[in-house]
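Student: Let's see this in three dimensions:
(one chain, ligands or ions: 2)
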Amino acid sequence: MYILKGEHSFDSAHFLAGYQGKCSNIHGHRWRVIAEICGGELKQEGQLRGMVVDFGDIKKDIKKMVDDHDHALIIEKGTMKEMTLNCLREEGFYIIEVDFRPTAEEFSRYFYEILEGKGYSVKRVTVYETPTNSATYEK
Ligand SMILES: Nc1nc2c(c(=O)[nH]1)N=C([C@H](O)[C@H](O)COP(=O)(O)OP(=O)(O)OP(=O)(O)O)CN2
Ligand SMILES: [Zn+2]
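Tutor: Numbering: from 1, shown residues only. Ligands and ions are numbered 1, 2, ... in the order given. Prediction:
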């Protein structure tokens, strides 16, 4: 089994609704997303000979996925008053609503599923919320 790694980072703000402590306030992180792609066999011919997947493709797809979340305020659906949300949108803030509490754990599963949806054989995805705190999702 071969395991390839690619990574990219993005900056975004979030808060943890219902959290007792400072993380219930809006704050930012530089999220580091590391994706591991696996494959049992190497391509035998052509441009991809000796490769599972071209690193260039992994890099491009991780970057696109992660860049879509860059400099956003990521909010769990239903945790902010609709009126507040509308005011922020009217002010031009870039807001992404997600179906989950925006923790490192949930993001690792979320990005795993996005990459899987792009056809990758994903081994695991690790998301660092701070340089020392990370969560990993694998099936
Ligand atoms: N298991 C998890 N625990 C926590 C998560 C998480 O995603 N998964 N997230 C948070 C908060 O988002 C918070 O921002 C993390 O802050 P903290 O642990 O305090 O990290 P810092 O590096 O900012 O800590 P300092 O001690 O202030 O340096 C909380 N828990
Ligand atoms: Zn946080």
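Student: can you pull the contacts of the residue nearest to Cys23 when sequence neighbours are not counted?
Tutor: In this structure, Cys23 finds its nearest non-sequential neighbour in Leu16, 4.6 Å apart by C-beta to C-beta, 6 or more residues apart in numbering. Any C-beta I mention is one placed from the backbone N, CA and C, and that applies to glycine too. Contacts of Leu16 were listed using C-beta atoms under 8 Å, 6 or more residues apart in numbering, and they are 23-24, 101-103.
Student: On the pLDDT front, check the residue lying farthest from the centre of the chain for me.
Tutor: The outermost residue of the chain, judged against the average C-alpha position, is Glu45 (32.5 Å), by C-alpha atoms, centre = their mean. pLDDT for Glu45: 96.
Student: Up against ligand 1, what does the protein have?
Tutor: Within the chain, the positions near ligand 1 by C-beta under 6 Å from any ligand atom are 16, 23, 27, 103-105, 129-130, 133.
Student: And the furthest pair within these?
Tutor: Among the residues of the chain next to ligand 1, the pair separated by the greatest distance (C-beta to C-beta) is His27 and Glu105, at 17.5 Å.
Student: between those two, who's got more neighbours?
Tutor: Glu105 (16 against 11; other C-beta atoms under 10 Å).
Student: what helix or strand is the more buried one on?
Tutor: Take DSSP states H and E as the rule and Glu105 turns out to sit in helix 104-117.
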